[in-house]
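>>> turn this into a model:
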Amino acid sequence: SLLISCLTRETGDTTAGEFIESWSFDRTDIKQIQKLHQEDGILDEHFYYNYSSNGYCELGNRKANEIGRKTQARSCGNGLTWHILNDTLYINTLEGNYSYEMDNYYNGTSYMHNVFPETSGTLTANQAPWANYSFSKIVLDDKITTIGSYAFYGLENLKEMPKIPSHCYKIGEGAFMNCINMNGDVLTKKVFEIGDYAFANCSELKGKISLGDDALATIGDYAFYNCGFKSSLTIPTSTTKIGNYAFMECKNLTGNLTINDNVSSIGEYAFYGCISLDGDLKLPYALKEVKPFTFGNCIGLNGRLWLNDNLTKIGQYAFFNCTNVTGDVLLPDNLVSIENGAFKNCRSLKTTLKINKKLNYVGTDAFFGCGNITNIDNSEAKSVTIEPRAFYVSNSVTTKISTPKETSFYEYNYFGDNRIVATY
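Numbers count the residues shown, from 1 in each chain. Predicted coordinates for the structure are as follows:
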C-alpha cells in the first residue's frame, strides 16, 4: 500500500499548508477515492493523481486558490517519504520490504573535497528536496536505518536536534553540518558509523553527547568539529578509529575524556583546543602513534598523562601547550621517536625523564618550556639523536643528566642549538 498525504488549505505562502488527511491504499483504489471525495465536495473534476513505481504519489486540485492545493508524499529514500507540517519536517516510512535508507545528497560546495567521496545508496547531484523550505523541527521515523549525506546541511532555521532513530546504523557525511542554530543532545544507540563533517560547526549543540555502548566503530574527520556540547565524552568500547579534527574546538566538553583500549587510530588535531576537558588522560592500549597536534592546547587537563606500553611514536606538537598536565611521564619501552614540540610548554610536568633503549630521536623543542623536568636519565640509552632546544627552558634551570661514566654525553648542551648524537 501507499501513504498519500494530501489536500492542504491555502496558507498564502509557497509551502505546504494545513494537513487534512492521509490514506493508505492500493493502486486499484485510486478511482474509488476520487469518486468519494468528489461526492464530499472536497475535489471536483480537476482532481488528479500521479503514480510511479518508486512510491511517489500526489493528490491535488488544480483550483488551489478556491479549494486547496496539492501536496505530496515525496520520496527521499528506499521506502521513505517526507512532508512538512506545522513548522516540522517529517520523514516517514512506508509499509513493506524496504531498507529505509535515506538518499544521499551533495551540498554543492567543493571546498571540502575535490571529488565527492563514494557513499552507499543513491547519490543525487543536488541539495536535499527540503533545503529551501523553512522549519524548526525534524521528526525521523524510528525505522530509518541511515541518515543521508548532507541531508540536513545548512538548515539555519532548525532549532532542535532530532532524535536519532533506534534502527539507524549510519549518519552520513555532512548530514547536519552547519546547522548553526540547532540545540539539544546527540544520542546514538546503534549507530555504527558517523561520517566526515556529520555535525561539523553545529556550535549551538550545547546538550550532552552519548555515543552508545557497543556499536560505534568509526568517527569521521571533522565529525563534531566546533560543537558546543556541555558534557563529558566517553568513546565506546566498540570504537576503533577517531578521525582527523573529529572533536577539534569542542571547547565546552568537560570532565574526563575516556577513550576505550580498542581505539587504534586517533587522527591529527582530533581533540585540539578542547580546553575544558580535565582530569587524567590515559591513551588506549591499541594506540601505537599519537598524531600531530592530537591533544594540543588542551589546557584544562590537570591530571596525569598515561602513555600506553604499545606506543612507538609521539607526533609533532601532540601535547603542545597542555600546561596543566602534571605528575611523572613514563616513556614506554617501545617508544622510538618523540617529534618536534611534542610536549612543548607542558610546564607542570614534574618528572625524571628516562630515555629507554629503543628511543632514537627527540625532536626540536620536544620538551621546550617543561621547566619542572629536573632529571634526565640516559643510563639505558643505546643510540639517540637529540635536536636543538629539545629540553630548553632557560639558563636559570638546572637539570641533572645521568649518563654512563665511560661517555662524555653530559658535556653536550641539551638546551642549546646543537644536535646531539650519542651512541653507547
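
>>> what's near enough to touch Gly341?
Residues counted as contacts of Gly341 (CB atoms under 8 Å, 6 or more residues apart in numbering) are 316-317, 320, 363-366, 368. For every residue, glycine as well, the C-beta is placed using N, CA and C.

>>> SS state for it?
Under DSSP: H, G, I helix; E, B strand; the rest coil, Gly341 falls in the coil class.

>>> would you check how far apart it and Ser265 are?
Separation of Gly341 from Ser265 (CB to CB, to the nearest Å) stands at 21 Å.

>>> ok, now Leu349?
In terms of CB to CB, Leu349 sits 26 Å off from Ser265.

>>> higher neighbour count, those two?
Leu349 (24 against 18; other CB atoms under 10 Å).

>>> could you tell me the phi and psi values at that one?
phi -60, psi 130 (degrees, to the nearest 10).

>>> one more: Thr385?
phi -100, psi 130.

>>> give me the neighbour count for it.
Neighbours of Thr385 (other CB under 10 Å): 16.

>>> tell me what it is bridged to.
Tyr361, Val421 (DSSP bridges).

>>> that one contacts Leu359, correct?
No: in this structure Thr385 lies outside contact range of Leu359 using CB atoms under 8 Å: 9.8 Å.

>>> now the contacts of Gly341 in TSV, with neighbour count, secondary structure and distance to Asn132?
Below are the contacts of Gly341 laid out as TSV (neighbours: other CB atoms under 10 Å; DSSP: H, G, I helix; E, B strand; the rest coil; distance: CB to CB, whole Å):
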residue	neighbour count	secondary structure	distance to Asn132
Gln316	21	coil	44
Tyr317	26	coil	43
Phe320	25	coil	43
Gly363	23	coil	51
Thr364	18	coil	52
Asp365	23	coil	51
Ala366	25	coil	52
Phe368	23	coil	52
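
>>> now do stretch 188-208: distance to the chain's middle.
5 Å (CA atoms, centre = their mean, to the nearest Å).

>>> would you mind measuring the gap between the ends of it?
Start and end residues of stretch 188-208 are separated by 11 Å (CA to CA, to the nearest Å).

>>> buried residues of it, list them for me.
188-207 (16 or more other CB atoms under 10 Å).

>>> now tabulate the contacts of Gly341 in CSV and tack on distance to Ala246.
Below are the contacts of Gly341 laid out as CSV (distance: CB to CB, whole Å):
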residue, distance to Ala246
Gln316, 18
Tyr317, 17
Phe320, 18
Gly363, 25
Thr364, 28
Asp365, 26
Ala366, 25
Phe368, 27
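
>>> and which of the residues you listed is nearest to Ala390?
The shortest gap between Ala390 and any of these belongs to Ala366, at 4.7 Å (CB to CB).

>>> would you confirm that the closest one contacts Val384?
No: using CB under 8 Å, Ala366 is not in contact with Val384, being 11.6 Å away.

>>> in stretch 75-87, what's buried?
By neighbour count on 16+ other CB under 10 Å, the buried set for stretch 75-87 is 75-85.

>>> restricted to helices, list those.
In helices, judged by DSSP state H, none of the buried residues of stretch 75-87 are found.

>>> secondary structure element holding Ile376?
strand 373-377 (DSSP states H and E).

>>> now that strand: average pLDDT?
For strand 373-377, the mean per-residue pLDDT is 77.

>>> partner strands of that strand and their direction?
Going by DSSP bridges, the partners of strand 373-377 are strand 351-354 (parallel), strand 400-402 (parallel).

>>> where among those strands is average confidence lowest?
Among the strands paired with strand 373-377, strand 400-402 scores lowest, with a mean of 50.

>>> got a list of what Asn356 touches?
By CB under 8 Å, 6+ apart, Asn356 lies in contact with 331-333, 335, 380-381.

>>> out of these, which are buried?
Looks like the contacts of Asn356 have 331-332, 335, 381 buried, using 16+ other CB under 10 Å.

>>> pull the most distant pair out of those.
Once CB to CB is applied, the buried ones among the contacts of Asn356 give Pro332 and Ala381 as the farthest pair, at 14.5 Å.
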